[in-house]
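Show me how the following folds:
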Amino acid sequence: MTHERTIGCSTVVFLLLMAGCGMDGGDTSLPEGVAIESQIPAGVSWASLLLEASDLDSLTHAPSPGERSVLFSSSADTQKVSLAHLAPEVLGDLDHGFFVRVEDKADCVEATLAEATGPGAITWIWSANPVGTAVLYIDNDEVPALHLPFASLLAGSILPVRDTFASMTAHGHNLHFPIVHSNRFRLAIRVAERKQLSELFYHVAWNSLVADRPIHPFDAAAIQNAGPLLGSLGERFREWTVATTDATELALSFTLAASDSKTIFESDQPGTIRLLEVTARSKAALADLWIEARWDRHSQPAISAPLSMLAGVSAQCENTRSLPCTLSGGRVLLRWPMPFGSASTMSFINKGNRPRDFAVRLLVDERPQQSDTTRLRFHANYAKQVALSLTARNVVTFADITGPGWIVGTSLRVDSRSAKWWGEGDEIIWLDRNDEAAWRGTGTEDYFGFAWCSDQLFHHPLRGQTRADGSRTNRRIAAMHKYHLIDRLPFRRFARFEMEAWGLAEGFMDYETTLMWYAPLAPIFWPTEAPECAIIPAHQP
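Numbers count the residues shown, from 1 in each chain. Presented below is the predicted three-dimensional model:
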């Protein structure tokens, strides 16, 4: 996806999309003392899915059989209907203007972006350039559940509270809100003529639902009357604390010599690390620190990554705030729950060339839990590709994983020696199938929720771009992160996360990656399971 011809990337703007920055009015949270859970009906609804997404502990439990994730996008595909040839010029690698189906109607042209059968929910919609009118059909109703401008849908006009759930970040229009259906959905765009669709970039993420509980389909009117509940759920995504009830606090301070390591946690019985807080005298000290964790007597570390990559920032350790992580000054808080069994350890390693002082605080839940032995373990890795040619169609594998589990986060750092955009490549995510990727996107920045090669900085509970230095001659440096908490990525047998890494001009780039996931430590192979939902295939008219 190349976009520099349309929007310049020279101005760095800091966007802080947190509480108090939305357009909401009136009562935007439940009264004090009213529990969110008491306001959510039994079964599966937009509210129950948001509550689950804000509960990081839910990721320590394996996905149910039948849970899956699919991305519909405008990526080039011979099985789709292409209108890209009607565009004045090709944009990047032609990942625009492709649709599941296109129909000429009496008063408009209707292009289907996404459709599926079976119980499920749309979990994320993104576009760089929303056009036309969005029409959403839910279940067997022939009357659209939504009929409004596509840009208005992405701006959250259907929601009484927009903070967290609808935002524009660095030119990317994003809606993070579950639109639930019982047996099918179809999302289409209507315009006056086909040419208006030729340059459209879009993503629609969809997750299946297991129909073992009552499902409450999308109801626009009911959502408009649920402002306080939606506001309170939004606050959960912006909470930067961890409950300390039943958790033991461990604290220590120490000096690490250059290239030295220290075990900061070890246990001979099961439990869960609820919070890891690291304080240093400078951001430079944080940048030198690596974390390694070995769970349950395994010789290979489940976590081996720089602290800065776990925080989703560059080696300069910019301030950031998301649901899983906060970095402010010389302090980092990681909120990923980390279950462990006996003989588990966590160590710090100083990979710098001078001594560093650190203070560490952990909140550890040592209460015996029935599921301690089956709870999924937190993993994070690190890899660096040096001097990748920007004109080669590189494909970088972040990780190959044995399931069951969840891919929960990605962190990317790039140092590109070129005057042109480096991020033409798409994400390719494989979940339980070798013959077809579950996700195939339209550009690196699109996956992270922004657009048009933007060098604007932004923070969001689910994603961010913390560094984007495009002002240097023939050089671009960037750092970004994304967390799959609403648009979850479940797998039962295996998963692979890949990213194409290439750009628009001659040059080279260093490419650093960290993937975060939950999975067992020992390989577990599950039998092939019949899908409970079906994607309606794309076809030519």
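
Could you count how many residues lie near residue 192?
10 (other Cβ atoms under 10 Å). For every residue, glycine as well, the C-beta is placed using N, CA and C.

How about it: what's its closest non-neighbour residue?
residue 108 (6.4 Å; Cβ to Cβ, 6 or more residues apart in numbering).

try residue 105
The shortest distance from residue 105 to any non-neighbouring residue, by Cβ to Cβ, 6+ apart, is to residue 190 (7.9 Å).

Sheet-wise, list the partners of the helix or strand where that neighbour lies with their directions.
Using DSSP states H and E, residue 190 sits within strand 184-191. Strand 184-191 has the following strand partners under DSSP bridges: strand 109-117 (antiparallel), strand 133-138 (antiparallel).

For residue 40, find the nearest of the ones you listed.
Evaluated over the strands paired with strand 184-191, closeness to residue 40 peaks at strand 133-138, with 19.7 Å, by Cβ to Cβ.

about what we covered before: CA atoms of the strand holding residue 190 as PDB?
Written as PDB, here are the backbone C-alpha positions of strand 184-191 (Å, rounded to 0.1, in the frame of the first residue of the first chain):
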ATOM      1  CA  ARG A 184     -25.000 -14.900   9.000                       C
ATOM      2  CA  PHE A 185     -23.900 -11.400   8.200                       C
ATOM      3  CA  ARG A 186     -23.000  -9.400   5.000                       C
ATOM      4  CA  LEU A 187     -21.300  -6.000   4.900                       C
ATOM      5  CA  ALA A 188     -21.500  -4.000   1.700                       C
ATOM      6  CA  ILE A 189     -20.700  -0.600   0.300                       C
ATOM      7  CA  ARG A 190     -23.100   1.300  -2.000                       C
ATOM      8  CA  VAL A 191     -21.900   4.000  -4.400                       C
END
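
how about the strands paired with strand 184-191, which one is nearest residue 70?
Using Cβ to Cβ, these put strand 109-117 closest to residue 70, at 7.0 Å.

Could you pull out the buried residues of the closest one?
Buried residues in strand 109-117, defined by neighbour count with 16 or more other Cβ atoms under 10 Å: 109, 110, 111, 112, 113, 114, 115, 116.

How about stretch 356-371?
In stretch 356-371, residues buried by neighbour count (16+ other Cβ under 10 Å) are 356, 358, 360, 361, 362, 363, 364, 365.

Rebuild these as TSV, extending it with secondary structure, pLDDT and distance to residue 452.
Shown next, in TSV, are these (DSSP: H, G, I helix; E, B strand; the rest coil; pLDDT from 0 to 100; distance: Cβ to Cβ, whole Å):
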residue	secondary structure	pLDDT	distance to residue 452
356	strand	98	39
358	strand	98	40
360	strand	98	41
361	strand	97	41
362	strand	97	41
363	strand	96	41
364	strand	96	44
365	strand	92	44
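
any chance of the residues you listed in CSV, plus distance to residue 60?
Below are the buried residues of stretch 356-371 laid out as CSV (distance: Cβ to Cβ, whole Å):
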residue, distance to residue 60
356, 31
358, 27
360, 22
361, 21
362, 17
363, 15
364, 15
365, 11
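
what helix or strand is residue 407 on?
Per DSSP H and E: strand 405-417 holds residue 407.

any idea where the strands of the stretch 101-250 of the chain begin and end?
Secondary structure of the stretch 101-250 of the chain (DSSP state E, counting those that start in this stretch): strands at 101-104, 109-117, 120-127, 133-138, 146-149, 166-169, 172-175, 179-181, 184-191, 202-208, 248-256.
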